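**Student:** Let's see this in three dimensions:
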Amino acid sequence: MSSLIQQGGYGVSNSSGKILVSCNLDTPYIPASILKIPTALAAFSILGRDYRFTTRFYTDSKKNLYIKGFGDPLLVSEEVALVLKELQTRGVERINAIYIDTSSFALEKQVPGREESTNPYDAPVGPTVVNFNSVGVRVSKKGFISSNEKQTPTLPIMRELARNYRPGQYRLNVCKGCEPNKQMARFTAELFRGLQKRIGIPGKGDWAVKQTPDTAKLVYEHHNTKNLQYLASSFLKYSSNFITNLVYLACGAEKYGYPATWAKADLAVHLELVKLLGDKTAAEIVHREGAGLSRENRITVRAMLNVLEAFQPYRKLLRQRHGVLTKSGTMKGIYNYAGYLKNGNGYVIILNQVRNTRKSVLERLKEKY
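**Tutor:** Residues are numbered from 1 along each chain as shown. Down below sits the predicted model:
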């Protein structure tokens, strides 16, 4: 293996945790997205498999709507349509101004490791967010901009973001170089307004970031139709940083109360891993956020093998890659795999080097273990 590994390590352990082969077991490395596995393990323990994110809806005497979110990562167009229909059945016959209440989050900063780009990979997180904070748009040959999703109406924010783009189809992060809280609130309000019109609820008015007044009436508390097990399957198979970090923040808020902060999430997840894996293993897992975006995150091969032993009941949430259950982790100079071989043995490959030789390392491990 020495010809394949310049800076990195690997290991294989059986279902009882016995290490069968290893290299550089105790060196801390940058995990990238394989960090999503210990995040998921802690989340299942803190929140429970059937945990569902909630969003609260209030109205006032002027028929204005207040939306107070708690970080639901799957408040997508289809879910918003269900909410609006439920509001109708509960007597909401008109929606004028739409106010976004952001008071359930008090983030010290945006996601550590997030870059300013139009890539949905870099979408910001917040308390009330829709459609993964990204828009699917189509630009025609004549420059006409429209939604690229039948479930989502064409919104003003789409026309603004895709202005001057060449003809084609795009998925754009709604916030490149902007003030995230304001832009996220705008996107949420525009989507609710657009679907309000489509469903046939009358009303018009401005939008703003505004805390819900005590005089407003709670009309509906929506529980997302998808539970944590579905979310974890999604972020492990498709490596969604957006979903993972909102689950990560929910862990902190569940343990220490809202508003959600990175500090609460870091502490809650660390202490849960202490409980699940022991002090020594937990100390070898450094979270700066939950998804693996930050280059300040760290993990050792030994700690990751211990995580995989504990994650056995959830192993089928991982996707098949090269014939085995695998979570990949990739950034510039970072090429990692972690998962389970066909016989159930856990395996870890962490390469923090220029050459991406992880597939070759995996093939050798598959042959012998």
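**Student:** C-alpha from now on. contacts and neighbour counts both.
**Tutor:** Noted.
**Student:** show me where pLDDT drops low in the stretch 1-150 of the chain?
**Tutor:** Of all residues in the stretch 1-150 of the chain, none has pLDDT under 70.
**Student:** now the helices for it?
**Tutor:** 36-47, 77-89 (DSSP state H, counting those that start in this stretch).
**Student:** Can you lay out the ones you listed as TSV showing distance to residue 362 and mean neighbour count?
**Tutor:** Shown next, in TSV, are the helices of the stretch 1-150 of the chain (distance: least, CA to CA, whole Å; neighbours: other CA atoms under 10 Å):
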stretch	distance to residue 362	mean neighbour count
helix 36-47	18	23
helix 77-89	40	17
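**Student:** burial measure for the residue nearest to residue 239 when sequence neighbours are not counted, as a count.
**Tutor:** Using CA to CA, 6 or more residues apart in numbering and skipping residues adjacent in sequence, the residue nearest residue 239 is residue 33, 7.0 Å away. Using other CA atoms under 10 Å, residue 33 has 28 other residues around it.
**Student:** any low-confidence regions in the stretch 201-350 of the chain?
**Tutor:** Scanning the stretch 201-350 of the chain for pLDDT under 70 picks out nothing.
**Student:** Break the chain down into its domains, please.
**Tutor:** With domains defined by automatic domain parsing, the chain comprises 8-50+228-368, 54-130+180-223.
**Student:** and the helices of the stretch 1-150 of the chain as CSV, adding distance to residue 369?
**Tutor:** CSV is the format used below for the helices of the stretch 1-150 of the chain (distance: least, CA to CA, whole Å):
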stretch, distance to residue 369
helix 36-47, 22
helix 77-89, 45
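**Student:** wait, which of those helices is closest to residue 357?
**Tutor:** Closest approach to residue 357 among the helices of the stretch 1-150 of the chain (CA to CA): helix 36-47, 21.6 Å.
**Student:** name the helices or strands packed onto the closest one?
**Tutor:** helix 228-237, helix 241-256, helix 262-277, helix 301-310 (3 or more CA pairs under 8 Å, 6 or more residues apart in numbering; DSSP states H and E).
**Student:** about what we covered before: can you name the residues that contact the residue nearest to residue 239?
**Tutor:** Residues near residue 33 by CA atoms under 8 Å, 6 or more residues apart in numbering: 239, 291, 292, 293, 327, 328, 329, 330.
**Student:** now for these, which pair is the farthest apart?
**Tutor:** Most distant of those, by CA to CA, are 293 and 327, 14.6 Å apart.
**Student:** In this structure, which residue is most central in space?
**Tutor:** residue 243 (1.6 Å; CA atoms, centre = their mean).
**Student:** most packed of the domains of the chain?
**Tutor:** Highest mean neighbour count among the domains of the chain (mean count of other CA atoms under 10 Å): domain 8-50+228-368, with a mean of 21.
**Student:** tell me how far the ends of that one are from each other?
**Tutor:** Using CA to CA, to the nearest Å, the end-to-end distance of domain 8-50+228-368 comes to 20 Å.
**Student:** So that it lines up with my notes, have the first residue be 5 from now on.
**Tutor:** Noted, 5 is the first residue going forward, which turns the last one into domain 12-54+232-372.
**Student:** how far out from the middle of the chain is it?
**Tutor:** Centroid separation for domain 12-54+232-372 versus its chain: 14 Å, with CA atoms, centre = their mean, to the nearest Å.
**Student:** what does stretch 46-65 give?
**Tutor:** Mean-position distance between stretch 46-65 and its chain equals 15 Å (CA atoms, centre = their mean).
**Student:** give the contact list for residue 211.
**Tutor:** 101, 102, 103, 104, 190, 193.
**Student:** The second one and residue 82, how far apart?
**Tutor:** In other words, residue 102. The value you get for residue 102 to residue 82, if CA to CA is used, is 19 Å.
**Student:** Mind listing residues that contact stretch 92-104?
**Tutor:** 66-72, 132, 189, 192-193, 205-215, 223-224.
**Student:** is it true that residue 177 touches residue 119?
**Tutor:** No: Residue 177 is beyond contact range of residue 119, at 11.1 Å (criterion: CA atoms under 8 Å).
**Student:** if I look at the two, which residues touch both of them?
**Tutor:** residue 126.
**Student:** Doesn't residue 224 belong to a strand?
**Tutor:** Yes: assessed with DSSP: H, G, I helix; E, B strand; the rest coil, residue 224 lies in a strand.
**Student:** Contact partners for the residue nearest to it when sequence neighbours are not counted?
**Tutor:** Distances taken as CA to CA, 6+ apart put residue 61 closest to residue 224, at 5.3 Å, once the chain neighbours are dropped. Contact analysis of residue 61 by CA under 8 Å, 6+ apart lists 69, 70, 71, 72, 222, 223, 224, 225, 226.
**Student:** Tell me how far the third one lies from residue 104.
**Tutor:** In this view, residue 71 and residue 104 are 5 Å apart by CA to CA.
**Student:** Overlap in contacts, the two.
**Tutor:** Shared contacts of residue 71 and residue 104, counting by CA under 8 Å, 6+ apart, come down to residue 132.
**Student:** can you map out the strands along the stretch 5-154 of the chain?
**Tutor:** Taking DSSP state E, counting those that start in this stretch as the test, the strands found in the stretch 5-154 of the chain are 12-17, 23-27, 58-63, 69-73, 102-105, 138-143, 149-151.
**Student:** What values do phi and psi take at residue 121?
**Tutor:** Dihedral pair for residue 121: phi -150, psi 170, per degrees, to the nearest 10.
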